[in-house]
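> how would this look folded up:
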Amino acid sequence: MEHTKPDLKKYPIKKYPTISVCGLDCGLCPRYYTIGSSRCPGCAGPDFFNKHPSCSFITCCVKKKNLEVCAECSEFPCSKFKSNEEYQQLKESSSYPSYKKVMPNLNFIKEQGIKKFIEQQKKKMKLLETMMENFDDGRSRSFFCKKVVLLDLTSLESALDEATRKIKIEHIKPDDIKIKAKILKSILNEIALKEGIG
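Below is the predicted model:
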């Protein structure tokens, strides 16, 4: 039986599926780290169109204009976008990355380029993976994802360092994930509160 190649006009695959067309941090989303068939491959990533219907952002940006993200478009920001203030007011979801970084992410890409953004995002993804591997008590993945989206690299690195120090000082056993999770979550909440971030 002869296999036909997928129609890339109908099913395009983005080079960087960890950043969505509209600016969401797909690489910092709980569903991106889910194991099994409900795992999301990121925005227009491999097998995306078998799991998700295409959205108007993907149709316009990827399918029609062959761009990676809306920030690369000469018409950005177009009427599809809300204002940054409106994004800040949107209700947060525990199973989806925060909308609060949509406009800052896209503006960063417009000013400094997608490669520089992806470099930073990869560092954040590495920190998130460290949190999930060493501090996830089975109920903290969404919490860690949200904090990694909202806090900057320096704050995240210092939170992990502080948690590691505290665990060592208090002689917490390496396999006592529940206490380790509690310590890191408390430190992240404290930093977020200081920075006025939800």
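> Select the longest helix from the protein.
Using DSSP state H to define each element, the chain has its longest helix at helix 114-135.
> and the lowest-mean-pLDDT helix or strand in the chain, how far from the chain's centre?
Every helix and strand of the chain was ranked by mean pLDDT, DSSP states H and E. The lowest is helix 84-89, at a mean of 75. Its chain's C-alpha centre and that of helix 84-89 lie 18 Å apart, by Cα atoms, centre = their mean, to the nearest Å.
> helices and strands around that helix, which ones?
If contacts are counted by 3 or more Cβ pairs under 8 Å, 6 or more residues apart in numbering; DSSP states H and E, helix 84-89 sits against helix 102-112. Heads up, the C-betas are built off the backbone N, CA and C, glycines and all.
> List every C-alpha atom in the helix it packs on, with coordinates, as CSV.
In CSV, the C-alpha atoms belonging to helix 102-112 read as follows (Å, rounded to 0.1, in the frame of the first residue of the first chain):
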residue,chain,number,x,y,z
VAL,A,102,0.8,36.5,25.4
MET,A,103,1.6,40.1,24.5
PRO,A,104,5.0,40.3,26.3
ASN,A,105,6.1,37.1,24.5
LEU,A,106,5.0,38.3,21.1
ASN,A,107,6.5,41.8,21.6
PHE,A,108,9.8,40.2,22.7
ILE,A,109,9.8,38.1,19.5
LYS,A,110,9.0,41.1,17.4
GLU,A,111,11.8,43.2,18.9
GLN,A,112,14.5,40.5,19.5
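> Show me what that helix is packed up against.
helix 84-89, helix 114-135.
> buried ones in that helix?
Residues 102-103, 105-106, 108-110 are the ones in helix 102-112 that count as buried (16 or more other Cβ atoms under 10 Å).
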